[in-house]
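Provided below for reference: sequence and predicted model.
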Amino acid sequence: MKQQICALQAELIKIKYSKIIWATFIAFALAPIMGAVCIFIIQGGEALGKTGALVAKAKAMNFEANWESYFDILTQTVSVGGILVFGFVASWIFGREYSDGTAKDLLSLPTSRTQILNAKFSLFVLWCFLLVLSNLLLAFVFGALLQLPPPGSGWLLQSLGDYFFTTVLTIIIGFPIAFFALWSKGYLAPLGFVALTLVFAQVIAATGYGSYFPWSVPALYSGVGGEYKILLDNYSYGILVLTSIAGYIATVMYWNYADQTK
Amino acid sequence: MEIIKTNTLTKRFGSTVATDNISIHVNQGEIYGFLGLNGAGKTTLIRMLLGMIKPDSGTITLFGNELTLQFRQWNEIGYLVETPYSYPNLSVYENLKVIYKLRQQNNLKVIDEIIEKLKLTKYINTKANALSLGNQQRLGLAKALIHKPKLLILDEPINGLDPEGIVEVRELLTDLAKNGSTIFLSSHILGEISKVANRIAIIHEGRLIKELTTEELSSQIIKKILVQTTDNQKAIQHLQNANYSVEPIETDEIEITDSEALEKPELISKLLTENGLPPKQIFLFTEDLEMYFLRTIKGNKR
């Protein structure tokens, strides 16, 4: 356990001063900011004559100036934007060792390769959770500033539950990215993989089979696909979890057994 | 005690044989120099010794234990493979702290000690991406030495160092070996290896073609006297009459390889002068390590 903690501490030292951290937080914060802007426009719709079209569009999306709509936006951002941003985070955490040329320094140590990978997965989970927590915090601040009407009873628990469950689904489906980073020894392949999963998630969800494509599941759960959410069943979550476990095992096996020539 | 032992180690990458039946052993306290051209198989062998690449056949024993996935003596080994890279956004101290954590060290003093030993104190807070090539190399060596390993495996450790740095590293390695550390060293700077190594191995096209001590090396290095006179034909006759083994060579010179002549070249000069052929030029040629190395691998082409 001590070795595992030391490996995590080493990972935390490595991310010190990394500009990439701030870049991900800024990119992810666009969701609560844009949501707040939409609410602000809707609230002042009549007064802001030129924004009438935006108000109409927001209304067409059933977006209203209340906590429920604001949280829906946040949750849906985690499920779609999260695939992209979390994927970027995973690509960087696992691929940087090769682009920095430091991977070879991690291979023959008393801290095993599996422990180093576990530390990287832990950092990935931690980083993603901090991203969603920061968005939540921003949403509460903006919501309070915009004086949104008090939500119905039981809403907060239900919304937070959906928000964090979507987060968990989106994070764990990011595990296979680690394998592509190690296998390709850099960022490019994992980022390409992320882009492909996003495209396929859209296309497959549109055909009605998204509930069995693991990268579509978080978005369907978050309600992006509207009525498609009801298609999700235990198999949907099972496939997602199995894909995640397979990604983790492939990553660990690859780093332990494949020849490391870079 | 044999610290490193490899037995018929073979590794292929597709149709390329990177190492072919390599069997070597390195004893405790030895500095073992490993020579070879680029692509000869040096780095593949080093990566196999570090468990990064698995051999197709053959075995590796480190500290008497076979190298498998269960090998757990990594804290007794320090290494530097190819160009040393560090985390560019971290300072020298922070880069060493990462290794300190991963090496499970318990006393932060070791970081300061190794920084001082490698003369990096001035750069302790400098980010790795702002270091000169030489100081990056020092940082790489610091990472390899921070935990005071019993075995050091170094791939081109003096790359990028200035002359002062080269001397410092040479002294550092010699000191470490004197204190019982074993050092496996590869370098393309052959003269440098001959200055520190006790034994030298030459690898070419994946095969170990020679393994010898530095004493054996100096005995195998070609030494000869090259003489030029106004009449080389007459000079050859006089020298042969005096029982020297001589032969003319293409560069209008006479080559003398007698051990007596090599010990006392002034006798050649005296003999020729007495016979009215004072040498225009007399030169004691000693083959350097580069020449020896090239001669050795030429004779072992597949």
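Structure's in. What do you need?

Low-confidence regions, the chain specifically.
All of this is about chain A. A:45-55, A:58-61 (pLDDT under 70).

sorry, should have said chain B
Residue ranges of chain B with pLDDT under 70: B:300-302.

Tell me which residue in it sits closest to chain A.
residue B:85 (3.1 Å; CB to the nearest CB). (Glycine included, C-beta is placed from N, CA and C.)

Could you give the number of residues near that residue?
Residues lying near residue B:85 (other CB atoms under 10 Å in any protein chain shown) number 19.

likewise residue A:22?
Using other CB under 10 Å, residue A:22 has 9 neighbouring residues.

Provide the secondary structure category for it.
helix (DSSP: H, G, I helix; E, B strand; the rest coil).

Contact partners for it?
For residue A:22, the contact set (CB atoms under 8 Å, 6 or more residues apart in numbering or on different chains) is empty.

how far away is it from chain B?
12 Å (CB to the nearest CB, to the nearest Å).

Can you mark which positions in the top helix by length along chain B are buried?
With DSSP state H setting the assignment, residue counts place helix B:163-178 as the longest helix in chain B. Neighbour-count burial for helix B:163-178 flags B:165, B:166, B:168, B:169, B:170, B:172, B:173, B:176, B:177 (criterion: 16 or more other CB atoms under 10 Å in any protein chain shown).

Contact partners for the fourth one?
This points to residue B:169. Shown in contact with residue B:169 (CB under 8 Å, 6+ apart): B:141, B:157, B:158, B:161.

Same list (these) but as TSV, adding neighbour count, secondary structure and distance to chain A.
Formatted as TSV, these follow (neighbours: other CB atoms under 10 Å in any protein chain shown; DSSP: H, G, I helix; E, B strand; the rest coil; distance: CB to the nearest CB, whole Å):
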residue	neighbour count	secondary structure	distance to chain A
B:141	27	helix	13
B:157	28	coil	15
B:158	24	coil	19
B:161	21	coil	19
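
Leaving out sequence neighbours, find the closest residue to the residue of chain B closest to chain A.
The shortest distance from residue B:85 to any non-neighbouring residue, by CB to CB, 6 or more residues apart in numbering or on different chains, is to residue A:101 (3.1 Å).

Give me the three-state assignment for that neighbour.
Going by three-state DSSP: residue A:101 is coil.

Would you mind measuring from it to residue A:185?
Counting by CB to CB, to the nearest Å, the separation of residue A:101 from residue A:185 is 10 Å.

now residue B:282
58 Å.

tell me which parts of the stretch 51-200 of chain B are close to chain A?
Contacts of the stretch 51-200 of chain B with chain A, taken as CB under 8 Å from any CB of the partner chain, map to B:51-54, B:69, B:72, B:74-75, B:77, B:79, B:81-83, B:85-90, B:94, B:97-99, B:101-104, B:143.

Can you tell me which of those residues are buried?
B:51-54, B:74-75, B:77, B:79, B:81-82, B:85-90, B:94, B:97-99, B:101-104, B:143.

what are the ranges of the helices in chain B?
Going by DSSP H, chain B shows helices at B:42-49, B:92-102, B:109-117, B:133-145, B:163-178, B:190-196, B:214-220, B:232-241, B:259-263, B:265-274, B:289-298.

Now do the second one: which elements does it pack against?
What it means is helix B:92-102. Counting contacts by 3 or more CB pairs under 8 Å, 6 or more residues apart in numbering or on different chains; DSSP states H and E, helix B:92-102 is packed against helix A:2-14, helix B:109-117, helix B:133-145.

Hmm, residue A:121 and residue A:175 touching each other?
Yes: with contact defined as CB atoms under 8 Å, residue A:175 reaches residue A:121; the gap is 7.0 Å.

shared neighbours of the two, which are they?
Joint contacts of residue A:175 and residue A:121 (CB under 8 Å, 6+ apart) are residue A:248.

And the residue nearest the centre of chain B?
residue B:193 (3.2 Å; CA atoms, centre = their mean).

would you turn the helices of chain B into TSV with distance to residue B:151?
Shown next, in TSV, are the helices of chain B (distance: least, CB to CB, whole Å):
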stretch	distance to residue B:151
helix B:42-49	9
helix B:92-102	17
helix B:109-117	17
helix B:133-145	11
helix B:163-178	10
helix B:190-196	16
helix B:214-220	20
helix B:232-241	52
helix B:259-263	40
helix B:265-274	44
helix B:289-298	25
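
wait, which of those is closest to residue A:140?
With CB to CB as the measure, helix B:92-102 is the member of the helices of chain B nearest residue A:140 (35.0 Å).

elements contacting the helix or strand harbouring residue A:251?
Following DSSP states H and E, one finds residue A:251 within helix A:234-257. The contact analysis (3+ CB pairs under 8 Å, 6+ apart) places helix A:234-257 against helix A:113-145, helix A:155-172, helix A:175-184, helix A:217-222.

quick one, which of those is packed in tightest?
Ranked by mean neighbour count under mean count of other CB atoms under 10 Å in any protein chain shown, those are led by helix A:217-222, which reaches a mean of 26.

and it, how far from the chain's centre?
12 Å (CA atoms, centre = their mean, to the nearest Å).
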